[in-house]
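>>> Any chance you can model this:
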Amino acid sequence: MNLQLSNELQHHIADQLWVATDREKVKDIIAIYGIDAIIVLNMMLAEYYDQVDATDLAESILERIKNGT
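Residues are numbered from 1 along each chain as shown. Here you go, the predicted model:
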């Protein structure tokens, strides 16, 4: 994962989020660091989803939306 983090705190938060083993640990990190943790988490999620090339799952959903069904 290649993130463009702007300061040492964000790097520290990203490291903690990366090794978090469950949602409770993620919630704890957010409780400690607040908006900074939310920003880093969103950046990590965006980077992950940017790497997904598989669109076959979305294709049927997009067809249903297009057809209004």
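>>> How far away from the center of its chain is stretch 48-59?
Distance of stretch 48-59 from the chain centroid (C-alpha atoms, centre = their mean, to the nearest Å) equals 14 Å.
>>> Any stretches of this protein with poor pLDDT?
Applying pLDDT under 70 to the chain flags the ranges 54-55, 69.
>>> What is the burial count for residue 13?
24 (other C-beta atoms under 10 Å). Every residue, glycine included, has its C-beta placed from N, CA and C.
>>> and the residue nearest to residue 9 when sequence neighbours are not counted, what element?
Excluding the flanking residues, the one nearest residue 9 by C-beta to C-beta, 6 or more residues apart in numbering is residue 36, at 6.1 Å. In the assignment (DSSP states H and E), residue 36 maps to helix 35-50.
>>> Mind listing what's buried along that helix?
Residues of helix 35-50 classed as buried: 36-37, 40-41, 43-44 (neighbour count, 16 or more other C-beta atoms under 10 Å).
>>> and it, what other elements does it pack with?
For helix 35-50, the elements it packs on are helix 8-19, helix 23-33, judged by 3 or more C-beta pairs under 8 Å, 6 or more residues apart in numbering; DSSP states H and E.
>>> of those helices, which approaches residue 67 most closely?
With C-beta to C-beta, the closest approach to residue 67 among the helices and strands packed on helix 35-50 belongs to helix 23-33: 35.5 Å.
>>> dump the residue contacts of residue 43.
Shown in contact with residue 43 (C-beta atoms under 8 Å, 6 or more residues apart in numbering): 3, 5, 14.
>>> in the chain, which residue is closest to the centre?
The centre of the chain sits closest to residue 45, judged by C-alpha atoms, centre = their mean, with a distance of 1.6 Å.
>>> now that one: how far from residue 18?
12 Å (C-beta to C-beta, to the nearest Å).
>>> what residues are up against residue 16?
So residue 16 contacts residue 29 (C-beta under 8 Å, 6+ apart).
>>> hmm, try it at 10 Å
25-26, 28-29, 32-33, 37, 40 (C-beta atoms under 10 Å, 6 or more residues apart in numbering).
>>> again, but for residue 48
residue 1.
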